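Trainee: Predicted coordinates and the sequence they were generated for:
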2 protein chains.
Amino acid sequence: MNILIIYAHPEPKSLNGTIKDFYVSYFEGNGHQVKVSDLYAMKWKASADGSDFTTYNQKKRLHYMQSSGEAFANGTQTKDITQEQEKILWADLIIFQFPLWWFGMPAIMKGWVDRVFAFGFAYGTGKYGGKYWGNRYGDGPLMGKKAMLSITIGGRKPQYEETGINGHINDLLFPIQHGMLWYAGISIIPPEVLYQVHNISETNLEDYLETLKNKLNNIQSVPTIPYRFQNQGDYNEQQQLKSEMLNGKSGFSIHLK
Amino acid sequence: MNILIIYAHPEPKSLNGTIKDFYVSYFEGNGHQVKVSDLYAMKWKASADGSDFTTYNQKKRLHYMQSSGEAFANGTQTKDITQEQEKILWADLIIFQFPLWWFGMPAIMKGWVDRVFAFGFAYGTGKYGGKYWGNRYGDGPLMGKKAMLSITIGGRKPQYEETGINGHINDLLFPIQHGMLWYAGISIIPPEVLYQVHNISETNLEDYLETLKNKLNNIQSVPTIPYRFQNQGDYNEQQQLKSEMLNGKSGFSIHLK
């Protein structure tokens, strides 16, 4: 397999750095190819703006999405963006390694998505209009690839369970897993979440990496999250879930088959 | 009132820019004080790292949260951070004006939260340990302030309703409204959301701003979102909602009173 690791932590000696290094050595040791986008080390530009397009004219009003589509089609994206897109196209599996900050990605990683997931590359393909809303949610242009979030969290697990005060971790990750990745066609391997990471002991870390290794040994057969496809009949013309699919459920979990 | 607008859009002539300008002229015209943090114009540094602390020593392993707390306590945060904190302390109402990108804030605004919401300033106060988990969720250090998200969305409203394919807009905004703002003690005025903004007509925009004006005329009496307080008995010692509070509900909405 070709594995791309998108890694966001400002401190190389951090726990996130250690876990990232573990992935690299595990996969390389098992005969896979690995590339790492170390966003802090790359000084990744987080903020999407007109300078992402080599033909940007400051005097013209910028429509970011539209310019993104034109630049993707015309080969006028900046090199930092096209390099990441090439890595994605190369990869079979993308691992996102990051600390959960304010219940989401660190800004530098959100800016990787904002800029790299260009119109035409990660969305905006297929027929729009009438009953049809493009190739999204399962059918996106990156279909066939898999991704897995690998996250560290300072807080305790019970606070991220069904009734935990922070909200269920699956729901907190929905905008990323469903809204960014599945939207683009990428299938999601259930996330790796390590809780209570502040002052984690050597032993606990070793245990964690041992468990992780066992998961990775079977990574190709781990069932992905069964999000519903947009275009397989579950949603009506308004793109709302058909009532017969609800089964009394509510919330984000209705979008699971 | 003192009103702070946190505004994130790379194009001054954008719809977001127009709405931001509308807020400024409305509030100033009604005798309020207004400050704007125009993040793109300020070239706001989005990525949290060691250089956020004036005493940062590259040779020492960085623990961002811990360093953030020390720097806040010792007055060694960088000036761009303290200036934003002073604006927050000054403000009665904070309005976040941004386009919803990939179901969240643009990276530059996420980076404003990551860096400005320092340990000791927006969280990390109060007693920790035993049954007590600090002053969070309603009791945070920014208690008494209000905030409102003001968002533009390219997609259509039905896709963001209860059964819409993107997920309910209230749930998509939960990590921001509950996880960032309410966590810090800020009460939330229900969000302003403008859908289908691509090529919006002059008439539709005028209608929208007219409706918005009517809301703003009564902004001080609009009921805030009734999120549960952490420390008022609704949660058990594990910080999970007590079962008698559930009323058969599930998902993020269980955290509403």
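Mentor: Received, thanks.
Trainee: who touches A:Lys35 in this structure?
Mentor: Taking CB atoms under 8 Å, 6 or more residues apart in numbering or on different chains, we find A:Lys35 in contact with A:Asn2, A:Ile3, A:Leu4, A:Ile5, A:Lys87, A:Trp90, A:Ala91. Glycine gets a C-beta too; all of them are placed from N, C-alpha and C.
Trainee: meant to ask about A:Glu70
Mentor: A:Phe53, A:Thr76.
Trainee: Show me the residue sitting in the middle of chain A in space.
Mentor: A:Leu181 (5.0 Å; CA atoms, centre = their mean).
Trainee: just checking, that one is part of a helix?
Mentor: Yes: per DSSP: H, G, I helix; E, B strand; the rest coil, A:Leu181 lies within a helix segment.
Trainee: Identify the residues contacting it.
Mentor: By CB under 8 Å, 6+ apart, the neighbours of A:Leu181 are A:Ala147, A:Ile188.
Trainee: which residues touch the residue in chain A positioned nearest to chain B?
Mentor: Nearest to chain B in chain A, going by CB to the nearest CB, is A:Gly251, at a distance of 2.8 Å. Counting by CB under 8 Å, 6+ apart, A:Gly251 makes contact with A:Asp171, B:His168, B:Asp171, B:Ser250, B:Gly251, B:Phe252, B:Ser253.
Trainee: top of the residues you listed by neighbour count?
Mentor: B:Phe252 (25 neighbours; other CB atoms under 10 Å in any protein chain shown).
Trainee: wait, it sits on A:Phe174?
Mentor: No: the criterion here is CB atoms under 8 Å, and B:Phe252 misses it with A:Phe174 at 9.9 Å.
Trainee: Excluding covalently adjacent residues, which one is nearest to A:Met132?
Mentor: Actually, residue A:132 is Tyr rather than Met. Spatial nearest neighbour of A:Tyr132, chain neighbours left out: A:Gly126 (7.2 Å); criterion: CB to CB, 6 or more residues apart in numbering or on different chains.
Trainee: Surely that neighbour is in contact with A:Met143?
Mentor: No: counting by CB under 8 Å, A:Gly126 stays clear of A:Met143, with 11.0 Å between them.
Trainee: Show me which positions of stretch A:121-133 end up buried.
Mentor: Within stretch A:121-133, the residues that qualify as buried are A:Phe121, A:Ala122, A:Tyr123, A:Gly124, A:Thr125, A:Trp133, counting by 16 or more other CB atoms under 10 Å in any protein chain shown.
Trainee: Ok, stretch A:218-234 next?
Mentor: A:Ile219, A:Ile225, A:Tyr227, A:Arg228, A:Phe229, A:Gln230, A:Asn231, A:Asp234.
Trainee: Could you do stretch A:170-190 as well?
Mentor: Residues of stretch A:170-190 classed as buried by neighbour count (16+ other CB under 10 Å): A:170-189.
Trainee: What of stretch A:203-212?
Mentor: A:Leu205, A:Tyr208, A:Leu209, A:Leu212.
Trainee: Secondary structure class of the first one, three-state.
Mentor: Put simply, A:Leu205 is helix when judged by three-state DSSP.
Trainee: So it is in contact with A:Thr18, correct?
Mentor: Yes: under the criterion of CB under 8 Å, A:Leu205 makes contact with A:Thr18 at 7.4 Å.
Trainee: returning to that earlier point: please enumerate the shared neighbours of B:Phe252 and A:Phe174.
Mentor: B:Asp171.
Trainee: Pick out the least confidently modelled helix or strand of chain A, by mean pLDDT.
Mentor: strand A:128-129 (a mean of 79; mean pLDDT, DSSP states H and E).
Trainee: Parallel or antiparallel, which strands does that one pair with?
Mentor: strand A:132-133 (antiparallel) (DSSP bridges).
Trainee: Dump stretch A:38-49 to CSV, restricted to CA.
Mentor: The C-alpha atoms that make up stretch A:38-49 are tabulated as CSV, following Å, rounded to 0.1, in the frame of the first residue of the first chain:
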residue,chain,number,x,y,z
ASP,A,38,4.6,17.3,8.4
LEU,A,39,2.6,20.5,8.2
TYR,A,40,4.5,22.5,10.9
ALA,A,41,7.9,21.5,9.5
MET,A,42,6.7,22.5,6.0
LYS,A,43,5.5,25.8,7.4
TRP,A,44,2.2,25.0,5.7
LYS,A,45,0.2,28.2,4.7
ALA,A,46,-3.0,27.7,6.6
SER,A,47,-5.1,30.6,5.3
ALA,A,48,-6.9,30.2,1.9
ASP,A,49,-6.7,33.4,-0.2
